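Asks: Sequence and predicted structure are below.
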Amino acid sequence: MCCLSRGRTDGRGARAGGRGVSWGTVCAMAVGAVLWVPGAAFGNGLELLPGGTRAAGRAGAVAARPTDPMAMVHNPAGLPRLSGDQVMLNLDLPRDYMCVQPYGYYGWGVYVSPISEPTSEFGDPTDQDGNGYPERLLDQVCNDVPLLPIPQIAWTFHLTESLSLGLGMVAPTLVAGLQYGPKDGTLATDEGPRPTPTRYQMLHQEVIFGLNPTVSVAYRFMDALSAGLTLHIGMAKANVYAVSTLYAGTQPSDDILSKVTAEDYFIPGITASLHSEPLPGLSLMASARIVDDFSGPGELTMTTNYYHQGAEGDNEAPHKNPPVRLQNITVGTPWAVTAAARYAYLRPGAEQVGREGGDPLATELFDIEVDVTLNLTERSDRNRVSVGDDINLQFRVADGTPSDMIKVSKEELQDFVSERHLKNSIALRLGGSFNPIPDLLGFSAGVFYESRGIEPAYASIESFAFRRLGVGMGAVVRLGSFDLLASYSHIFGEELEVAPPPHAPRSEGSADPTSGFDKRIYRDGELTEGPVEDPRAPDPDDADAVARFQQVAAASLADRRARVVNAGRYTASFDVFSVGVVYRY
C-alpha cells in the first residue's frame, strides 16, 4: 500500500503529514470498524428469545410444544399436530437497558505532537483554555432507541391429515436498534459537550429496510413421527455510523466519521426439525437452523475533520467526501441446534394422537418442558469487505479551500477481515403451563440461562453477548375460535468488568494491544509526570478481563499506538412484552 501525505497546497493549517499514514489502510479500516453491524441486525448476541407470545411466557421453552403458527420458527415438524387451520398475529415489544460505564478520562490517549493539532469544537484537550476536558471521567452511555414492536404474522393450514403448510413473517425476538449517545456523536455534560466515549466502537445503526418472508412444509409419517422444513429469506439494508481516527489516540481533532451502507436482499436460511410423540403426553424434538451469510454491496462515506463543527475562516472544517462503492460486505451469521423434551399430563379421554394433541388448552392439565440450544456463533466471527472503487479523499477548511486529492486505487486495497472474538454458547430453558379451566384459561411460566458468547477481553457495545438469566410468565384466554395471549419476560444480563490495561509509557508499546497504555493526562498544556488512575476501575486481577479491543487508526507509530478502547463496566437487562391473537377454524 502507498503512503500519502495530508498536506494542503496553500499550506494553511497543514500538518506534518505522511509520517507512516497509509491511506489505503485508513479507508479499509474505516469499513472494518463497522463490519460487524449487519451481523448485529441479524442477532449475533442480540437475539433475546425464540419469538412469539407463548415463547415469552415460557422463557423460550416451546420447541417441543407446537401450539400455534410460531412453530414455523421453533419446530416446523410440529405443524401437522396443530389444532385446525390457524391465523396468528403477535407483537413482541423488547425494551433493553444496555449500558457501559467506560473507565478512564477524556484526557487519556490525547497525544500532542507536530503532526497533530489538538483543537476541535470541544476546545483544547490539553486544558490550556481551562475547559476541564482532560480531567473529566468518561461518562456512561446506554443504547437509546425508540421502542419498536416486532410483528409476527403467519397462516398455517392442513392440506391433508398428514401434510401441512405455513406462510408468514416470523422471526426470533431481537434488539431492534442500536444507538449509543446522541446521533451526532456528542454528549451534553455539565462542563460542556464531549465526544461520545464509545465512538470508536460505534455511534448508531439505522435499519432502513428489513423483511423475513417465511414458508414451511411438514409431513407426519406416522402418528408418532413427523418432519418439517422452514425456508426463511432475509432481506436487509442498514446504515451504520462509527468513528475512526487519523492518528492513533483519542484527540477528537483527528476523528473521521465513517458511514457504511450495506444491503443484501437474499439471505436464505432453513430450519429443519423432527418431532416424535412415542408415548401419550411425551414429546421429543430436534432441530437445526442454518442461515447464509449476509453478503452484498455497500457504500462507504467518510467525513473528515468531523469534530470541527462551526469552524470559520482557514480552520479545518468537516467535509463529507463522495461515497466509495464497496464491492462486497460479508458478515457471518450464527447457526443453532436445539433438542427438547416435554411431558404433559393429559386430561381423561385426551390420550388419542391427532390434531387434538396440538391444542394443550383443551387436552392438558399441565406440562413441563426442557430445551437445550447450542448457538454456533464462532462461525460468524470473521467478516470481510472488498472495496470496488478507487478512493478519493479530501480535507477542507471552513472557507472551502480543499487539500490536494488523496487517491488510492482499488488495486492497492486488499480485502479487509475483522474478528469479533465470539464464542459458541449454550441456552438451557425450563418452562411449563397450567390450564385450570379446560378450553378457556391457561397460565405459563419459565426460566432460562444462556452462557457467555464472546471473549470478555473483547467485550464491547457491538454485542452484549454476555451471560443471561431470564424468567417469563403469560396467560391465554379462549373466546370461541379466538385465543387471546399476553406475556412478559425479564432477562438479567451479566455485569462484566473489563479493566483498563496497566499504565505503561507510550514508548514501551508493542504488538500486544495492552502495552504502552499511557494513563497520563495534560494539565495546563503540560503532561503529568505519573499516571492518573480512574478510581472506579477495578484492579486487573479482580476484573473479568483486561481490555484488548483497539480503535481503528490510520497511523500507529512507535509512540502513538492504537488505543485499547473497551475498558468499562457493562450492564444489561431486557424486558419483553408480547401480546397476540390466534384464530382457529
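Replies: That came through fine.
Asks: where's the closest residue to Leu49 other than its chain neighbours relative to Asn328, distance?
Replies: Using Cβ to Cβ, 6 or more residues apart in numbering and skipping residues adjacent in sequence, the residue nearest Leu49 is Thr173, 4.3 Å away. All C-beta spots, glycine's among them, are computed from the backbone N, C-alpha and C. For Thr173, the distance to Asn328 equals 30 Å [Cβ to Cβ, to the nearest Å].
Asks: pLDDT weak spots in the stretch 301-450 of the chain?
Replies: Within the stretch 301-450 of the chain, the stretches with pLDDT under 70 are 350-357, 412-414.
Asks: Would you indicate which residues of stretch 146-162 are buried?
Replies: Using 16 or more other Cβ atoms under 10 Å as the test for burial, stretch 146-162 gives Ile150, Gln152, Ala154, Thr156, Phe157, His158.
Asks: Just the ones of those residues in strands?
Replies: Under the assignment DSSP state E, these contribute Ile150, Gln152, Ala154, Thr156, Phe157, His158 to strands.
Asks: who's the third one bridged to?
Replies: Read it as Ala154. Met88, Gly168 (DSSP bridges).
Asks: Double-check it against Gly166; I have them as touching.
Replies: Yes: using Cβ atoms under 8 Å, Ala154 is in contact with Gly166, at 6.0 Å.
Asks: quick revisit: please identify which of the ones in strands among the buried residues of stretch 146-162 is nearest to Gln179.
Replies: Ile150 (17.4 Å; Cβ to Cβ).
Asks: if I pick the closest one, what's in contact with it?
Replies: Gly51, Leu91, Asp92, Leu93, Pro94, Ala171, Thr173, Leu174, Ala176 (Cβ atoms under 8 Å, 6 or more residues apart in numbering).
Asks: How far away from the center of its chain is stretch 276-296?
Replies: 24 Å (Cα atoms, centre = their mean, to the nearest Å).
Asks: do stretch 487-498 as well
Replies: On Cα atoms, centre = their mean, the centre of stretch 487-498 falls 15 Å from the chain's centre.
Asks: what's the closest non-adjacent residue to Phe574?
Replies: Ile491 (4.1 Å).
Asks: ok, back up a step: please produce a PyMOL select command covering the buried subset of the contacts of Ile150.
Replies: Remark: buried members of those, expressed as a PyMOL selection using 16+ other Cβ under 10 Å:
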select buried, resi 51+92+93+94+171+173+174+176
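Asks: returning to that earlier point: is it true that the residue nearest to Phe574 touches Ser573?
Replies: Yes: using Cβ under 8 Å, Ile491 is in contact with Ser573, at 6.3 Å.
Asks: Quick check on the two: which one has the bigger neighbour count.
Replies: Neighbours were counted for Ile491 and for Ser573 using other Cβ atoms under 10 Å; Ile491 has more, 22 against 16.
Asks: so the more buried one sits in a strand?
Replies: Yes: secondary structure of Ile491 (DSSP: H, G, I helix; E, B strand; the rest coil): part of a strand.
Asks: Which one of the buried residues of stretch 146-162 is nearest to Gly453?
Replies: Out of the buried residues of stretch 146-162, the member with the shortest distance to Gly453 (by Cβ to Cβ) is Ile150, at 21.1 Å.
Asks: Local confidence estimate at that closest one?
Replies: pLDDT, Ile150: 89.
Asks: so how far is stretch 190-209 from its chain's centroid?
Replies: 15 Å.
Asks: now what about stretch 507-523, what contacts it?
Replies: 104-105, 107-110, 112, 125-127, 134-135, 500-506, 527-533, 546-550, 558-559, 561-564.
Asks: Can you flag the buried ones in these?
Replies: Of the contacts of stretch 507-523, these count as buried by 16+ other Cβ under 10 Å: 104-105, 107-110, 112, 125-127, 134-135, 500-501, 504, 506, 531-532, 546-550, 561-564.
Asks: Can you pick out the ones from these that are in strands?
Replies: Per DSSP E, those map to strands at Val546.
Asks: Give me the nearest residue to Arg384, chain neighbours excluded.
Replies: Nearest non-adjacent residue to Arg384 (Cβ to Cβ, 6+ apart): Thr330, at 4.6 Å.
Asks: any idea how far the one you found lies from Arg199?
Replies: 25 Å.
Asks: Neighbour count for these two, which is higher?
Replies: Arg199 (27 against 20).
Asks: State the three-state secondary structure for the more buried one.
Replies: Three-state call for Arg199 (three-state DSSP): coil.
Asks: show me what contacts it?
Replies: Here Arg199 is in contact with Gly181, Gly185, Ala242, Val243, Asp255 (Cβ under 8 Å, 6+ apart).
Asks: can you rerun that using 10 Å?
Replies: 141, 180-181, 185-187, 241-245, 250, 252, 255, 257, 306-307, 551, 565 (Cβ atoms under 10 Å, 6 or more residues apart in numbering).
Asks: how much space between it and Ser409?
Replies: Taken as Cβ to Cβ, the span from Arg199 to Ser409 is 29 Å.
Asks: again with Pro438
Replies: 73 Å.
Asks: in stretch 391-403, what counts as buried?
Replies: Of all the residues in stretch 391-403, those buried under the rule 16+ other Cβ under 10 Å are Ile391, Leu393, Gln394, Phe395, Arg396, Val397, Ala398, Thr401, Ser403.
Asks: again but with stretch 485-492, I slipped
Replies: Leu485, Ala486, Ser487, Tyr488, Ser489, Ile491.
Asks: Then stretch 291-301?
Replies: So, applying 16+ other Cβ under 10 Å, buried residues of stretch 291-301: Val291, Asp292, Asp293, Phe294, Ser295, Gly296, Gly298, Glu299, Leu300, Thr301.
Asks: Specify the beta-bridge partners of Ala555.
Replies: Counting by DSSP bridges, the residues bridging with Ala555 are Tyr247.
Asks: Same question for Ser226.
Replies: Here Ser226, judged by DSSP bridges, has bridge partners Arg220, His275.
Asks: Make 763 the starting number, not 1.
Replies: From this message on, residue numbering opens at 763, which makes the last subject Ser988.
Asks: For it, which residues are in contact?
Replies: Here Ser988 is in contact with 828, 837-843, 924, 926, 980-982, 1035-1039, 1047 (criterion: Cβ under 10 Å, 6+ apart).
Asks: Which ones among those map onto strands?
Replies: Those of those lying in strands (DSSP E): Ser926, Ala980, Tyr981, Arg982, Ser1035, Leu1036, His1037, Ser1038, Glu1039, Met1047.
Asks: And the last one, how close does it get to Thr1100?
Replies: This means Met1047. Between Met1047 and Thr1100 the distance is 8 Å, computed by Cβ to Cβ.
Asks: Identify the contacts common to these two.
Replies: In contact with both Met1047 and Thr1100: Ala825, Ala826, His836, Asn837, Ser1035, Asp1133, using Cβ under 10 Å, 6+ apart.
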